[in-house]
Every structure is written in structure tokens, then in C-alpha cells.
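Novice: take this sequence and fold it.
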Amino acid sequence: MTETPRMPEADGRNGSGSVGGAAPAGQVADAVRGNWVDRLAPDFTRPYLRLSRADRPIGTWLLLLPCWWGVALAAGRDGWRLHDLWIVLGCALGAWLMRGAGCTWNDITDREFDAAVARTRSRPIPSGQVSVKQALVWMFAQMTLAALILFSFNWTTVALGVSSLGLVAIYPFAKRFTWWPQLFLGLAFNWGAPVAFTAHAGWPDLPVWVLYASGITWTLFYDTIYAHQDKEDDVLIGVKSTARLFGAATGKWLALFLVLTVILMTGAILLALLPTAEALKLAVALAAPWAVGWHLLWQIRALDIDDSGLCLRLFRSNRDTGLIAALFLAIAAFL
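Specialist: Numbering: from 1, shown residues only. Modelled structure (predicted):
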């Protein structure tokens with residue numbers, strides 16, 4: 001189990017994410033300290049890589065991990081194949097590209113909101129590092145590369161992948177008309193589960209849709225924590241979120257999302273593997289939702305919704321949550 005996150009002051013981080021001195025030129029406020037973009041990327045590429053959140057890899061992980069859940073669940077039925085290596089790698093490359101394209105689109109549509117929020121006004125568009133036209137060109141370049149990967153899979157997978165674009169397009173506007181924008185994020189971010197499942201199995205049948213639902217409730221969990229960082233600014237500019245909706249009752253809602261995530265993931269595994277799976281395979285696979293549940297419970301116990309630094313650290317810890325599930329499902333598929 002992961003240790004309780006330290007406070008930002010405990011590791012020498014200041015508000016800009018730098019340590020012991022001036023932040024690199026153009027650094028985004030919530031970027032990971034010492035990230036490779038600020039240290040190694042050529043200067044002319046940095047604004048575009050920041051648009052893609054390459055300096056904040058957690059979003060790529062959260063988009064990728066449901067993909068790996070999906071292919072591992074499919075392989076649990078009939079074993080791993082050589083082609084699955086490409087599915088795993090292709091999903092990783094595609095997640096990086098589509099997360100980048102999605103974040104670029106989000107920053108284009110949210111540029112006025114971002115300029116009014118302390119955490120986001122340092123992003124490339126509101127800070128003047130990149131124009132809207134340049135951002136659009138960058139977005140389509142990333143989408144084109146992602147499409148080349150997608151078209152290497154079967155046509156059902158291609159159709160599923162293309163259909164996700166509607167969800168990606170709608171998400172940035174959700175905070176304007178609903179208190180549940182995190183639900184729209186969950187619909188978009190977990191679409192990779194049926195896509196990767198179908199790349200292996202040829203068709204997305206019931207188990208992967210139940211797995212998809214578990215990913216959505218997991219997203220509601222972690223993105224509610226994330227949204228508590230901005231709730232004061234969100235009130236001022238009229239942005240809606242589950243963090244604002246739940247308020248002091250956030251812990252109870254997170255507990256509900258925990259239970260739903262565990263139940264739905266368990267159901268997906270049972271639907272996929274019964275009645276043919278041997279006891280060992282089933283036990284290893286079912287360890288995934290059990291371990292995920294414990295990790296989410298740890299987050300609830302550690303959470304202080306008024307500590308934005310802690311909220312960010314707990315949000316980032318969900319990479320480990322998703323990896324735990326992927327690991328158990330992958331091992332089970334070998335048995």
C-alpha cells in the first residue's frame with residue numbers, strides 16, 4: 001500500500017512546482033517537478049508538449065490503464081497472443097497522442113476560464129506561448145498519428161475508436177451545463193477498455209461494458225478529488241463540478257464510487273471467465289478489484305478536501321490503482 005502523501009512543503013516544492021529557485025520559463029503551475037519537458041525538450045517544442053500535458057504524465061496513465069484492463073480481460077478467456085504485444089504498445093502510443101490531442105482541445109475551449117484560474121493561467125494558450133491557430137494544427141497532427149495506429153486494428157476496433165471522438169469533443173463543455181462533468185470524463189477516458197478488448201476478441205461483448213462502467217466510477221472517484229483543487233475559483237467563474245456538488249459530503253460519495261468500482265470490476269471478471277476458468281486464474285483475476293478497493297479506501301482515509309496539494313498527490317496516486325488492476329488481470333491471463 002502506498003504511503004500517505006507528504007505535504008508540498010515537505011519535499012521542498014513551491015507553488016510553481018520548482019525546487020529551490022526560479023521555475024523554467026513557461027513552466028505550468030501544476031507540472032511535475034523536474035519533468036523531462038522542462039529539462040530536456042528543445043525550447044521550441046516545450047509549449048506544444050505542455051499543451052499535450054507531456055510534463056504531467058498522470059493523465060496518459062489514466063487513459064491508458066483501462067485499455068490494458070480491456071486487453072487483459074479478453075486474453076483471460078483464451079490466453080495471450082503475439083499480436084497482443086502490439087495492442088499493448090499501440091494503446092500506449094495512442095493514449096499519449098489522444099490524451100495530448102484531447103488536452104489541446106480542452107485548452108482551446110477553456111482558454112478564457114483558464115486565464116481566470118490561478119492553477120491554469122500559466123498554460124500555453126492563456127500565457128501567450130501558443131496561439132489558438134497553432135494549437136489547432138498541433139491537435140490535428142496528434143490525431144492523425146493516433147489514427148494511423150488505430151487503423152492497424154480490426155474494423156470493429158476502428159469503428160469504436162472513431163466513435164470516441166464525440167465524447168472527447170463534448171467533455172470540455174460539460175462543466176458549463178452539468179454538475180457532473182466528471183461523468184463525461186469517465187465516459188471518454190475509459191473508452192479504451194472496449195477498444196482494446198475488441199482488438200483482441202473481435203467484438204465487445206457484455207463483460208467489457210461492465211468493466212467500462214467500473215472505469216467510469218473509478219474516474220468519478222479520482223477526478224472528484226482532483227476538482228477540489230479548483231473549487232474556490234470554480235465558484236467565482238461559474239464552473240460546475242462534483243467537488244462543488246458534493247462539498248462536505250465528498251467522502252460519502254467517494255465511498256459509493258469505491259463500492260461500485262469494486263462490484264462492477266468483479267462482475268466483469270466473473271462474466272468473462274466463468275464457467276470455464278480454473279480456480280487459480282479466477283482467484284488471481286479477482287484480486288484486482290480487491291486490491292483496487294483497498295487502494296481507494298486508503299485515499300479516502302488520507303483525503304483532506306481543503307488541502308489542494310494533498311488532493312493533487314492523491315489524484316496522481318491513481319496511476320498505482322490502475323496498475324494494480326492491470327497487473328493482476330495480466331497475470332491471470334497467463335494461467
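
Novice: which residues does F328 contact?
Specialist: Counting by C-beta atoms under 8 Å, 6 or more residues apart in numbering, F328 makes contact with 284-285, 287-288, 291. For glycine as for every other residue, the C-beta is placed from the backbone atoms N, C-alpha and C.

Novice: swap in M143?
Specialist: Per C-beta under 8 Å, 6+ apart, neighbours of M143: 97-98, 101.

Novice: how close does it get to G102?
Specialist: 9 Å (C-beta to C-beta, to the nearest Å).

Novice: which strands or helices does the host helix or strand of D223 pack on?
Specialist: Per DSSP states H and E, D223 falls inside helix 206-227. Contact partners of helix 206-227 among helices and strands, from 3 or more C-beta pairs under 8 Å, 6 or more residues apart in numbering; DSSP states H and E: helix 58-78, helix 181-189, helix 192-201, helix 242-246, helix 250-273, helix 279-302, helix 308-316, helix 318-334.

Novice: how many neighbouring residues does the residue nearest to I170 when sequence neighbours are not counted have?
Specialist: Using C-beta to C-beta, 6 or more residues apart in numbering and skipping the chain neighbours, the partner closest in space to I170 is F184 (6.2 Å). A count of neighbours around F184, defined by other C-beta atoms under 10 Å, yields 20.

Novice: and for the one 3 residues further on?
Specialist: Burial of L187, expressed as a neighbour count using other C-beta under 10 Å, amounts to 20.

Novice: can you list the weak-confidence ranges in the chain?
Specialist: Along the chain, the model assigns pLDDT under 70 to residues 1-24.

Novice: for it, longest helix please?
Specialist: Ranked by residue count, the top helix of the chain under DSSP state H comes out as helix 83-109.

Novice: so which residues make contact with the following helix or strand past that helix?
Specialist: Reading on from helix 83-109 to the C-terminus, the next helix or strand found by DSSP H and E is helix 111-116. Contacts to helix 111-116, defined as C-beta under 8 Å, 6+ apart, come from residues 107, 120-121, 123, 125-126, 132, 233, 236-237, 239.

Novice: next one: helix 111-116 to chain centre, how far?
Specialist: The chain centroid and the centroid of helix 111-116 are separated by 22 Å under C-alpha atoms, centre = their mean, to the nearest Å.

Novice: buried residues in that helix?
Specialist: 111, 113-114 (16 or more other C-beta atoms under 10 Å).

Novice: now do stretch 105-124
Specialist: Buried residues in stretch 105-124 (16+ other C-beta under 10 Å): 105-108, 110-111, 113-114, 117, 119-120, 122-124.

Novice: and that stretch, how far apart are its ends?
Specialist: 12 Å (C-alpha to C-alpha, to the nearest Å).

Novice: buried set for the helix holding D223?
Specialist: Using 16+ other C-beta under 10 Å as the test for burial, helix 206-227 gives 207-208, 210-227.

Novice: then stretch 238-254?
Specialist: Across stretch 238-254, burial judged by 16+ other C-beta under 10 Å covers 239-246, 250, 253-254.
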